[in-house]
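S.K.: all I have is the shape, not the residue letters:
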């Protein structure tokens, strides 16, 4: 069945380090792909999205490219800040029925 | 984007009582509403999908008699946790949207004592 797999956390980085959080998916067809961020005690916020192969989503210095050939949507940021500490969720949207399938989440902790 | 609100944002109730959580779509006609729950340090798990004016469709393992969902209008969906127990303590989140535009409520933290 459809699923999303993220790299396990927690990920601990120093400020200004490079970030990669891997995400791969299995799906029928060509789903839209999303990254959401959840700060402690809060709901989900959309970070970025891509709706078709080779699309690059970007926001606040974060980027992810929809790679159909590797069924991946890895999240990257060139220089993380302490304020980026949060849990990041990769998700794909099934075209039929509108179900959003989430990965297990990756906790990021950025130290000054 | 559309604004989705949830009420209450947090609630504490005693074991055995029922709690109603409201999800309002303020500027979007929410034909479909999805309800999730999230346990600490875990991902969001879809509980049920409701369409306005119809009965909700529940995911496997979710008790429909325990988690009552009403979606009587395009702006309001409610989730009632009946006879709540401590294991129902969780973060409950609603979502609506159309196509690639998805809107989440801010969540309701339920604690059952």
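M.R.: Good, I have the coordinates. The structure presented is a predicted model; accordingly, all values stated were derived computationally and were not measured. Numbers count the residues shown, from 1 in each chain, chains lettered A, B, ... in the order given.

S.K.: and stretch A:49-60, end to end?
M.R.: With CA to CA, to the nearest Å as the measure, stretch A:49-60 spans 13 Å from end to end.

S.K.: what sits up against it?
M.R.: Under the criterion CB atoms under 8 Å, 6 or more residues apart in numbering or on different chains, residues A:30, A:32-35, A:47-48, A:63-68, A:73, B:100 lie in contact with stretch A:49-60. C-beta coordinates here come from the backbone N, C-alpha and C atoms, glycine included.

S.K.: now do the contacts for the closest residue to chain B within chain A.
M.R.: Of all residues in chain A, residue A:43 sits closest to chain B, with a separation of 4.2 Å (CB to the nearest CB). Counting by CB under 8 Å, 6+ apart, residue A:43 touches B:93, B:104-107.

S.K.: among these, who's most crowded?
M.R.: Ranked by the number of neighbours (other CB atoms under 10 Å in any protein chain shown), the contacts of residue A:43 place residue B:105 first, at 27 neighbours.

S.K.: picking up where we left off before, mind listing which of the contacts of residue A:43 are in strands?
M.R.: Secondary structure from DSSP state E places B:93, B:104 of those in strands.

S.K.: near chain B, anything from the helix or strand bottoming out on mean pLDDT in chain A?
M.R.: When each helix and strand of chain A is scored by mean pLDDT, DSSP states H and E, strand A:100-102 comes last, with a mean of 92. Yes: contact of strand A:100-102 with chain B is found when judged by CB under 8 Å from any CB of the partner chain, involving A:100, A:102.

S.K.: so which elements touch that strand?
M.R.: For strand A:100-102, the helices and strands in contact under the criterion 3 or more CB pairs under 8 Å, 6 or more residues apart in numbering or on different chains; DSSP states H and E are strand A:3-6, strand A:86-93.

S.K.: now render the contacts of residue A:43 as a markdown table, adding distance to residue A:12 and pLDDT.
M.R.: A markdown table is the format used below for these (distance: CB to CB, whole Å; pLDDT from 0 to 100):
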| residue | distance to residue A:12 | pLDDT |
| --- | --- | --- |
| B:93 | 27 | 96 |
| B:104 | 27 | 94 |
| B:105 | 31 | 95 |
| B:106 | 28 | 94 |
| B:107 | 26 | 95 |
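
S.K.: filter the contacts of residue A:43 down to the ones near chain A?
M.R.: Taking CB under 8 Å from any CB as the test, chain A is in contact with B:93, B:104-107 out of the contacts of residue A:43.

S.K.: in chain B, which spans are strands?
M.R.: Using DSSP E, the strands assigned to chain B run over residues B:4-7, B:10-13, B:19-25, B:32-38, B:44-51, B:57-58, B:67-70, B:76-81, B:90-98, B:101-104, B:108-112.

S.K.: show me the contact partners of the first one.
M.R.: When you say that, I think you mean strand B:4-7. Counting contacts by CB under 8 Å, 6+ apart, the residues outside strand B:4-7 that touch it are B:21-26, B:28, B:30, B:92-96, B:103-108.

S.K.: list the contacts for residue B:79?
M.R.: When contacts are counted by CB under 8 Å, 6+ apart, residue B:79 is found next to B:20-21, B:23, B:35, B:47, B:67-69, B:92, B:94.

S.K.: tell me which residue is most central in chain B.
M.R.: With the centre of chain B defined as its mean C-alpha position, the nearest residue by CA atoms, centre = their mean is residue B:35, 4.0 Å away.

S.K.: got the residues of chain A near chain B?
M.R.: On the criterion CB under 8 Å from any CB, chain B has as its neighbours in chain A the residues A:32, A:34, A:42-44, A:46, A:49, A:51, A:89, A:93, A:97-100, A:102-105, A:107.

S.K.: that'll do, ta.
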